[in-house]
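Undergrad: Here is my input; please provide its structure:
(2 chains)
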Amino acid sequence: MTEPLRAFRQRPLLERIRAWLEQHQDAAQAALRRLLGASVASQLTIAVIGIALVLPATLQVFIENTRQAARGFDAALDVSVYLKAHLPEIQGRTLATRIGQRPDVQLARYVSPDEGLTEFRRWSGLGSAVEAVGRNPLPGAIIVRPRSASTDPVAIDRLVQNLGTLPEADQVQFDGVWVRRYTSLVDAIARFAEILGGLFAVSVLLIVGNTVRLDVDARRHEIEIMKLLGASDGFVRRPVLYAGLWYGLLGGVTGCALLELLVLLVRGPVSRVASAYGSAFAVTLPSGGLILLLIGGGAALGWLGAWLAASRHLREIAPGQDD
Amino acid sequence: MIRFEQVEKRYASGQTALSDLNLSVDVGELVFLTGPSGAGKSTVLKLLGLLERPTRGRITVAGVELGQVKAAGIPAYRQRIGMVFQDHRLIHELSNWDNIALPLRLAGGLRRELDSRVQAVLATVGLDGQDQKRPNAMSAGEQQRVGIARALVTRPDVVIADEPTGNLDPNRSLDILQLFQSIAKSGVTVLIASHDQRLIEQLGARQIRLAGGRAVGSAHD
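TA: Here you go, the predicted model:
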């Protein structure tokens, strides 16, 4: 073995690791320089990756916001247990305490006939009609808030059924069916977003893979020379993988910028619609987790796309000599 | 240092490029492979660079029996020999410095170790101070010197060259061959495929004549 090669191979492990890290650093820098200095085609590729990532991400932001809006519907998920007429208040309060101790109940509040009447007058605007009746026609009631209201419709149905079997209960009413429909719809959209996310992830793999293949073809001469001089498949593959990683990472950053812009554009109009319905709801910006997912996921997809496309392609490039 | 024993090379097309070839080159010797086109010169070099495998026979280079080198070991083997090509095979997007440093980087050299070796080998080939130029800003002769510097930078035991003066005028060709002669004098074994009989005779180096894939003569002119 030649003197320099012997010196390189027999040096301490830390020095060898340092040489390996330097090779990675050089490959990463060279790939970035090539990408930034390249034609408009590279920048278009980054833009396309950004758009491919921003579409499912926009749906995700929409879902996060609708779920947040649904948190304000908790009161609509309450179950009302109307007690039998003339049931003494003390029994009603005891029953409310007992119901409140159930594991599937978050809280249970007793509403006396007088309190019920006051609320009815306030909300219905029919106070004068009640005055005409001359007596309070309302029974006592218990307002029950289920623990897993917004997530588990089956649990609510079971609770409603159980409450209906209580001897003190006259009627049990659950008005949250529309909320359940709403959350089911959001869940369906979330599933759709996941599928769309998967499809767009595949499209990013294909975009990066194709770009990297063209890159490899354009650099075929250089790769042949490297192999002639003793480059391993790993050494030749390294800048290609970094190119894929940069494409994905910069595509992810572009996607984040587009997403922020989109949210900022719709924020004002949505707030105006919400305030017209008396709601203080405002669209929230993408979460830190989503931004990290976009950038990290983009980089990972870029790396994987490059690996899938380039590994076999690079192995097929064999150095030759003219005879 | 280089030994071919009854080497036969038959390509998939059925063409026999070498048959029963025996040759031997000693340490520090400069030897020319000569012969007409199709004689098998380039095939010999391809076998030495492990770009091809022989159909039969045994090849030994610097103590390595090439038949024992597995596919995964080819890069490490190629790092041990220097190769020079007629068309230089330089990477034009890189500076001369980067081109010459490439074999050292492939072998795992640290950045701080590269510059002194690159500058030393540039001085050897007479290109001091040309390290930051790009190959395509240089003449064909200078590009060939860069190619030779790249082949020498790892201080290989063996340098093989395929028609290294093929693209050069006679004066520059002689310069390049004299450079190879001085490299051989430093103890490196040099095997050059060439058809430039006049220049070879001027140098007075040993030549192995090939014809139809066989060695038909060995002469010391």
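Undergrad: On the three-state scheme, the residue positioned nearest the centre of chain B is what?
TA: The residue lying closest to the centre of chain B (Cα atoms, centre = their mean) is B:I160, at 1.9 Å. Secondary structure state of B:I160, per DSSP: H, G, I helix; E, B strand; the rest coil, is strand.
Undergrad: go on, B:G57?
TA: Applying three-state DSSP: B:G57 is strand.
Undergrad: For A:G197, which non-adjacent residue is spatially closest?
TA: A:P56 (3.8 Å; Cβ to Cβ, 6 or more residues apart in numbering or on different chains). Where C-beta positions appear, they are placed from N, C-alpha and C, glycine not excepted.
Undergrad: For the one you found, give me its contacts.
TA: Contacts for A:P56 (Cβ atoms under 8 Å, 6 or more residues apart in numbering or on different chains) come out as A:A193, A:L196, A:G197, A:F200.
Undergrad: List the neighbouring strands of the helix-or-strand element of chain B with minimal mean pLDDT plus their orientation.
TA: The helix or strand of chain B with the lowest confidence, counting by mean pLDDT, DSSP states H and E, is strand B:214-220 at a mean of 75. Strand B:214-220 pairs in its sheet with strand B:206-211 (antiparallel), by DSSP bridges.
Undergrad: in the strand it pairs with, what counts as buried?
TA: Counting neighbours by 16 or more other Cβ atoms under 10 Å in any protein chain shown, one finds that the buried residues in strand B:206-211 are B:R206, B:Q207, B:I208, B:R209, B:L210.
Undergrad: after the longest helix along chain A comes which helix or strand?
TA: In chain A, taking DSSP state H as the definition, the longest helix is helix A:233-276. Downstream of helix A:233-276, the first helix or strand assigned by DSSP states H and E is helix A:288-316.
Undergrad: tell me which residues in that next one are buried?
TA: Residues of helix A:288-316 classed as buried by neighbour count (16+ other Cβ under 10 Å): A:290-291, A:293-295, A:297-310, A:313-314.
Undergrad: The longest helix of chain A near chain B at all?
TA: Yes: with Cβ under 8 Å from any Cβ of the partner chain as the criterion, chain B is reached by helix A:233-276 at A:F235.
Undergrad: now the angle from that helix to helix A:288-316?
TA: 150 degrees (axes from the mean of the first three to the mean of the last three Cα atoms, to 10 degrees).
Undergrad: Helix A:233-276 - contacts with which helices or strands?
TA: helix A:13-36, helix A:40-70, helix A:177-218, helix A:220-228, helix A:288-316 (3 or more Cβ pairs under 8 Å, 6 or more residues apart in numbering or on different chains; DSSP states H and E).
Undergrad: and the gap between A:G296 and chain B?
TA: From A:G296 over to chain B the distance is 30 Å, taken as Cβ to the nearest Cβ, to the nearest Å.
Undergrad: looking at it, that residue is touching A:G252, isn't it?
TA: Yes: using Cβ atoms under 8 Å, A:G296 is in contact with A:G252, at 7.3 Å.
Undergrad: Common neighbours of these two, please.
TA: In contact with both A:G296 and A:G252: no residue, using Cβ under 8 Å, 6+ apart.
Undergrad: Now tabulate the helices and strands packed on helix A:233-276 in JSON lines and tack on mean pLDDT.
TA: Shown next, in JSON lines, are the helices and strands packed on helix A:233-276 (pLDDT from 0 to 100):
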{"stretch": "helix A:13-36", "mean pLDDT": "89"}
{"stretch": "helix A:40-70", "mean pLDDT": "86"}
{"stretch": "helix A:177-218", "mean pLDDT": "86"}
{"stretch": "helix A:220-228", "mean pLDDT": "91"}
{"stretch": "helix A:288-316", "mean pLDDT": "90"}
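Undergrad: Reformat these as JSON lines; add distance to B:P164.
TA: Rendered in JSON lines, the data for the helices and strands packed on helix A:233-276 read as follows (distance: least, Cβ to Cβ, whole Å):
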{"stretch": "helix A:13-36", "distance to B:P164": "29"}
{"stretch": "helix A:40-70", "distance to B:P164": "37"}
{"stretch": "helix A:177-218", "distance to B:P164": "28"}
{"stretch": "helix A:220-228", "distance to B:P164": "15"}
{"stretch": "helix A:288-316", "distance to B:P164": "28"}
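Undergrad: Show me the one of those helices that comes nearest A:S279.
TA: helix A:40-70 (7.9 Å; Cβ to Cβ).
Undergrad: picking up where we left off before, just the contacts of A:P56 now: which is nearest A:L107?
TA: A:A193 (33.2 Å).
Undergrad: I'd say B:I2 and B:S24 touch.
TA: Yes: taking contacts as Cβ under 8 Å, B:I2 lies within contact range of B:S24: 6.9 Å.
Undergrad: who's more crowded, those two?
TA: B:I2 (23 against 14; other Cβ atoms under 10 Å in any protein chain shown).
Undergrad: Which strand residues bridge that one?
TA: With DSSP bridges applied, B:I2 shows beta-bridge pairing to B:V25, B:V61.
Undergrad: Please apply the same query to A:V172.
TA: A:V81.
Undergrad: you'd agree it is up against A:V160?
TA: Yes: if you go by Cβ under 8 Å, A:V172 and A:V160 touch, sitting 5.5 Å apart.
Undergrad: more crowded one of those two?
TA: A count of neighbours by other Cβ under 10 Å puts A:V172 above the other of A:V172 and A:V160, at 19 against 16.
Undergrad: if I look at that one, how far off is A:S112?
TA: 18 Å (Cβ to Cβ, to the nearest Å).
Undergrad: just to confirm, which helix or strand has the spatially closest residue to B:L127 that is not a sequence neighbour in it?
TA: In space, and not counting its chain neighbours, B:L127 is closest to B:R145: 5.4 Å by Cβ to Cβ, 6+ apart. For B:R145, the host element (DSSP H and E) is helix B:140-152.
Undergrad: Dump the C-alpha coordinates for that helix into CSV.
TA: The C-alpha trace of helix B:140-152 is given here as CSV (Å, rounded to 0.1, in the frame of the first residue of the first chain):
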residue,chain,number,x,y,z
ALA,B,140,-3.9,20.1,-23.7
GLY,B,141,-0.4,19.5,-22.5
GLU,B,142,-1.0,21.3,-19.2
GLN,B,143,-4.3,19.3,-18.8
GLN,B,144,-2.3,16.1,-19.2
ARG,B,145,0.2,17.3,-16.6
VAL,B,146,-2.8,17.9,-14.2
GLY,B,147,-3.9,14.3,-15.0
ILE,B,148,-0.5,13.0,-14.2
ALA,B,149,-0.4,15.0,-11.0
ARG,B,150,-3.7,13.5,-10.0
ALA,B,151,-2.3,10.0,-10.7
LEU,B,152,0.8,10.7,-8.6
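Undergrad: For that helix, list every residue counted as buried.
TA: In helix B:140-152, counting by 16+ other Cβ under 10 Å, buried: B:G141, B:E142, B:Q143, B:Q144, B:R145, B:V146, B:G147, B:I148, B:A149, B:R150, B:A151, B:L152.
Undergrad: Could you grab the helix/strand/coil label for B:F32?
TA: Here B:F32 takes the strand state, with states given by three-state DSSP.
Undergrad: Report the closest residue of the stretch 51-200 of chain A relative to chain B.
TA: For the stretch 51-200 of chain A and chain B, the shortest gap (Cβ to the nearest Cβ) falls at A:A52, measuring 30.1 Å.
Undergrad: mind listing what that residue touches?
TA: A:A52 neighbours (Cβ under 8 Å, 6+ apart): A:F200, A:S203, A:V204, A:I207, A:G251, A:G255.
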